[in-house]
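1. sequence and predicted structure are below.
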Amino acid sequence: MFALIQDASGAVAQTHNEGSNFLHTLLQDLPLPEWVPGWALILGSVAMGVGILVGIVSLIALWSVWMERKVSGHMQCRNGPMYAGGWHGWAQTIADGIKLFQKEDMIPLGADKVLFVLSPGLVLASIFGALAALPLSYDWYFARMDLGIFAILAIGSTTTIGVIMAGWASNSKWSLYGAMREAAQVVAYEIPLGIALMVPLITLGTFSLLDASSLQSGFFGMNWAIFQNPLCLPAFIIFWIAALAETKRAPFDLPEAESELVAGFLTEFSGIRWSFFFMEEYAAMFLMSVVGAVFFFGGFESPVTYGMRGAGLEGSILFSLVCFATLVIKAFIGVFLMMWLRWTLPRVRIDQVMTMGYKYLTPLALICVLGAAIWEAILHVVLN
Amino acid sequence: MDFQAIADHLSVAKVPGLLSLELPRPADKETKDKGRSGLPYVCVDPARIADFLTFCRDDDALGFEVLIDITASDPNAEDENLWILVQLLSVQHRQRLGIKCLLPKSALSMPSSTSVYRAAQWHERECMEMYGVNFEGHPDPRNMLLPDDWPGYPMRKDYEFPKEYHGISCE
Amino acid sequence: MTSPTQKDHKPSIRPADEARVLPSGEREFFMDVATSDLEINMGPQHPATHGVMRVLLRTDGELVTGAQPHLGYLHRCAEKIGENVEWLQYLPYTDRYDYLSAMNNNLSYSLAVEALMPELEIPRRGTLIRMICAELNRIASHLVAFGTYGLDIGAFTPFFYAFREREWIQALFEKICGARLTYSYIRIGGVFNDAPPGWLQEVSDFCDVFEEKWQEYYDLLIENHIFVQRTANVGVISAEMAYDFGLTGPMLRGSGVDFDLRRDMPYMEYGEAHAAGAFNVPLGTGEKGTVGDCWDRTQVRMVEMKECLGIVRWCLEQIEPGPVIGDVPKVIKVPPGEAYVGIENPRGELGHYLHSDGGKVATRCRVRAPSFVNLAVLEDLMPGTLLADSVAIIGSTDIVIGETDR
């Protein structure tokens, strides 16, 4: 499986040595005394990485919550936050965060204390893990993974365990309903998610997000995977629907169906624990949007980066910044689309969710994979 | 059909339980009668209410498919009777009928109409808890609006409000 | 069953040496995992029960196997109070049963009292203003039904749009009587006071704007494929079942029964309005599923909103200056008698049975509340559906607990 159009400059970003990332490199370049052992530098880079990741997740959650409230407000013919911080309530989320942190820590009587305390942490930890496999730009990644997307999907799926733990540990029948629905729904939609992602993998030929992105450069920045293979468009639609179901966003927000289950598996969580679940939700939305952007819509590539490549600016910090900005913009367009769908569509019933997942999306995804493979075969074997 | 036509039809068909009619009448100064305004009623024997309602529902000319209301009334504390009032509606013939049963307070028991109309079930439950009427054969005689252990029958005219309920003061 | 992390956890599979050997030679393992139906409490505090109502559900997973509504959380002894206050003093209590359509409640009570006072003449302007207010209130009530039903199904946005129009209606009511929710405006003998100048024009403007918005709301929610999938073929009430349960109003019309008190047993001037072609009566036709399913009932309410505009416009054409209230004494003494008058409330037939013995206070004031009667149907509709459908069914009955409990 080879890429169809090679980029003019052709190269993929290289690093100092295998197995290190830019943080480690940064620490290695520092003038440190002799007695500092090698493992301390690795630990240091890990700590810095964790810090950056925490910062990223917090910023994503902060921005997304504000964006959601403004987007939902304007779609409902009202303003959304306007006061906190002055201009359009930009500090509303910060204010809400402070409020949530100082709330009383309540654990319901009869709840399983260990699981109750563990579940928000587990849920957030899995999203952290998935985001750790995400490169921020060509030179800025925490770990160079050749199986990046595999790692993201695998680690990201463990949020389900946390949600089921949360529903069970709450000792409330309504929470149990939310947990059971989550289990059924997420397992059902993991399959079309993975299979639909195989189509761009076939087209691009790589599991790594960095390589996938760089293979989509060229042709004035519009060599995106979705244009490279006609089956990529239905695959993207299937992927998007499955992503909505994975992140429990409407129309698939049954696990926390507000009007039926009060708050589903989240009912008994308040204060920080609740905010952990919400950070996870927005981080998961961001993650799915990034995966969609990288594998279908060019990832770090855009006409601007194409121009910079042509001008020989590749490898500079400005180039990395522009790539980062491109990815973030594409991801937030995806997040906006998810929010738009949430505030427009009603909720689907659980048996209809399962029917759609197993009976319609999975076979369609399989057909798309077959079609994509046939297309690639025709293109490379027959025509070459 | 207007009320008189319905009443004639009922008496001609010799419907079980039909007793008399209560019609509006103007005030009469000589007999010191204050008169009676409002709408007319058919008086029915409470023991035959289920048969009477079955006839009203199944007869073609009457065709009262819908039971609108079953309620009770305690006109005053000294009166020896409680009134049971039934309201029927015919969708096909666009007519209404009001039925009144006089139930002595000493023997507050009558058959239930749930076999005739399913709607009677909840109305009779409310009567049972508010007035203490016993509807024989009612499938679910629990309290409806009041707590399960509320003492007394609130809507009666001689009802004494309790001073406290489960330790909560009712003053 | 306890979870494995708790101290007193015992595994539920017996050890292998206790297994029996079957005739076929296989070993049989016992698992004493007992499954039973989950008894779950929906309410009294629940976002989807439209007030304080408790429905005791028995479920097998997501399948509901039994439902038992428990009422009485909002019981405020309205009927007992009716026997203790004067005729006019009771009017604010009528506002508060079905607080979403207070004008219609006032109307039902006033018409019942006026049935006992045949000499009282109600001026035509009073009647027409009564009709305008009742129909505007019907639109407001159906807007709440539409918006909150969308919320129950999971569509958050139509709620805001519906309430935007409802705010306009409430502003109109505030101009005419000073209150936004509980009006006490339609009184015995007519209405309380005349419409301020410009009010009638504003009502006409509202009608024009609302007609366009209505189409948007219809397309956004009612025609939405997911909404149709959630509500079509769910909670089917046949016409026979509707008769048996005593259902009236949109519940009855949604099952295909062509009956509307305003047209078929007219009160005030609805008969003349219908004869002039001002309004039609929508019916459930099973367009998206079966006749009498939740979608039909919701669609009947939506189309009824549009038909109300026709009545309002007819009244606006007919109205002329004049008095708005009849010759009513300060302290009303109703002649002895009894009467039952039922009118078409947005939820069904709201009837008052009044018994007077000639005094200042009623002897019996019975309220036949449509939501109370409509709710009984839940016990038979909910078993056999999924949990999400239960919410859809409760929403489609459009109950208001203030009326159910009185």
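-> Yep, that arrived.

2. element containing residue 343?
-> Defaulting to chain A. Using DSSP states H and E, A:Trp343 sits in helix A:317-344.

3. please refer instead to chain C.
-> Using DSSP H and E, C:Ile343 falls in strand C:337-345.

4. tell me which other helices or strands that strand touches.
-> Other helices and strands packing on strand C:337-345, by 3 or more CB pairs under 8 Å, 6 or more residues apart in numbering or on different chains; DSSP states H and E, are strand B:37-38, strand B:81-90, strand B:95-104, helix C:102-116, helix C:261-264, strand C:348-356, strand C:364-368. To be clear about C-beta, it is placed using only N, CA and C from the backbone, and glycine gets the same treatment.

5. on that earlier part again, for the helix holding A:Trp343, name the packing helices and strands.
-> Looks like helix A:317-344 contacts helix A:38-75, helix A:232-246, helix A:272-296, helix A:303-310 (3+ CB pairs under 8 Å, 6+ apart).

6. report the spatially nearest residue to the residue in the stretch 151-300 of chain A positioned nearest to chain B, omitting neighbours in sequence.
-> Closest approach between the stretch 151-300 of chain A and chain B, counting by CB to the nearest CB: A:Lys173, at 23.1 Å. Sequence neighbours aside, C:Ile40 is the residue nearest to A:Lys173 in space, at 4.7 Å (criterion: CB to CB, 6 or more residues apart in numbering or on different chains).

7. now A:Phe207
-> A:Leu147 (4.6 Å).

8. continuing past the longest helix along chain B, what's the next helix or strand?
-> With secondary structure taken from DSSP state H, chain B has its longest helix at helix B:120-131. Next helix or strand after helix B:120-131 toward the C-terminus (DSSP H and E): strand B:134-136.

9. what lines up beside that following strand in the sheet?
-> In the sheet, strand B:134-136 lines up against strand B:109-111 (parallel) (DSSP bridges).

10. show me which helix or strand of chain B is least confident by mean pLDDT.
-> Every helix and strand of chain B was ranked by mean pLDDT, DSSP states H and E. The lowest is strand B:37-38, at a mean of 79.

11. domains of chain A?
-> Following automatic domain parsing, one gets these domains for chain A: A:20-102, A:107-382.

12. now the closest residue to chain C within chain A, nearest residue through space, not along the chain?
-> As assessed by CB to the nearest CB, chain C sits closest to A:Arg347 within chain A, at 2.6 Å. Leaving aside its chain neighbours, A:Arg347 sits nearest to C:Gly154 (2.6 Å; criterion: CB to CB, 6+ apart).

13. wait, the one you found touches A:Phe252, no?
-> No. Using CB atoms under 8 Å, C:Gly154 is not in contact with A:Phe252; the gap is 9.8 Å.

14. the closest residue to chain A within chain C - how many residues pack around it?
-> For chain C, the residue closest to chain A is C:Gly154, as judged by CB to the nearest CB, at 2.6 Å. Burial of C:Gly154 is recorded as 26 neighbouring residues (other CB atoms under 10 Å in any protein chain shown).

15. phi first, then psi, for it.
-> phi 120, psi 0 (degrees, to the nearest 10).

16. against B:Asp28, how distant is it?
-> 65 Å (CB to CB, to the nearest Å).

17. one more: A:Val163?
-> 79 Å.

18. and these two? Which one has more around it.
-> For A:Val163 versus B:Asp28, the count of surrounding residues by other CB under 10 Å is larger for A:Val163: 27 against 10.

19. which residues touch the more buried one?
-> Going by CB atoms under 8 Å, 6 or more residues apart in numbering or on different chains, A:Val163 touches A:Ser119, A:Val123, A:Gly178, A:Ala179, A:Glu182, A:Ala183, A:Val186, A:Pro255, A:Phe265.

20. and those, which is the shakiest by pLDDT?
-> The lowest pLDDT within the contacts of A:Val163 belongs to A:Pro255, with 73.

21. so where is the chain shaky, pLDDT-wise?
-> I went with chain A, as the question did not name one. Across chain A, the ranges flagged by pLDDT under 70 are A:1-20, A:256-263, A:384.

22. report the central residue of it.
-> The centre of chain A sits closest to A:Leu287, judged by CA atoms, centre = their mean, with a distance of 0.6 Å.

23. for it, which non-adjacent residue is spatially closest?
-> Nearest to A:Leu287 is A:Ala130, by CB to CB, 6+ apart, at 5.7 Å.

24. the one you found in helix, strand or coil?
-> For A:Ala130, the assignment made with DSSP: H, G, I helix; E, B strand; the rest coil gives helix.

25. how many residues are close by it?
-> 24.

26. state the distance from it to C:Tyr73.
-> For A:Ala130, the distance to C:Tyr73 - CB to CB - is 46 Å.

27. the helix ranked longest in chain C versus strand C:337-345: what angle between them?
-> The longest helix of chain C (DSSP H) is helix C:124-153. Interaxial angle, helix C:124-153 versus strand C:337-345 (axes from the mean of the first three to the mean of the last three CA atoms, to 10 degrees): 50 degrees.

28. for helix C:124-153, buried residues please.
-> C:124-153 (16 or more other CB atoms under 10 Å in any protein chain shown).

29. could you do stretch B:66-86 as well?
-> B:66-74, B:82-86.

30. isn't C:Trp214 right next to C:Glu307, touching?
-> No. Using CB under 8 Å, C:Trp214 is not in contact with C:Glu307, being 10.8 Å away.

31. now the helices: where do they sit in the stretch 1-150 of chain C?
-> In the stretch 1-150 of chain C, the helices defined using DSSP state H, counting those that start in this stretch lie at C:78-82, C:91-95, C:102-116, C:124-153.

32. which other helices and strands does the third one contact?
-> Just to be clear, that refers to helix C:102-116. strand B:37-38, helix C:91-95, helix C:124-153, strand C:186-187, strand C:337-345, strand C:348-356.

33. tell me which of those lies nearest to A:Leu364.
-> For A:Leu364, the closest of these is helix C:124-153, at 26.0 Å, according to CB to CB.

34. mind picking the two most distant members of the buried residues of stretch B:66-86?
-> Farthest-apart pair in those is B:Val66 and B:Asp74; separation 26.3 Å (CB to CB).

35. can you pull out the strands in chain C?
-> C:20-21, C:27-28, C:38-42, C:54-60, C:63-70, C:186-187, C:190-191, C:337-345, C:348-356, C:364-368 (DSSP state E).

36. in CSV: those, plus mean neighbour count, distance to A:Ile98 and mean pLDDT.
-> Formatted as CSV, those follow (neighbours: other CB atoms under 10 Å in any protein chain shown; distance: least, CB to CB, whole Å; pLDDT from 0 to 100):
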stretch, mean neighbour count, distance to A:Ile98, mean pLDDT
strand C:20-21, 9, 63, 62
strand C:27-28, 9, 60, 58
strand C:38-42, 17, 35, 77
strand C:54-60, 18, 37, 83
strand C:63-70, 18, 41, 84
strand C:186-187, 26, 51, 91
strand C:190-191, 27, 52, 90
strand C:337-345, 25, 48, 91
strand C:348-356, 26, 49, 92
strand C:364-368, 24, 50, 92
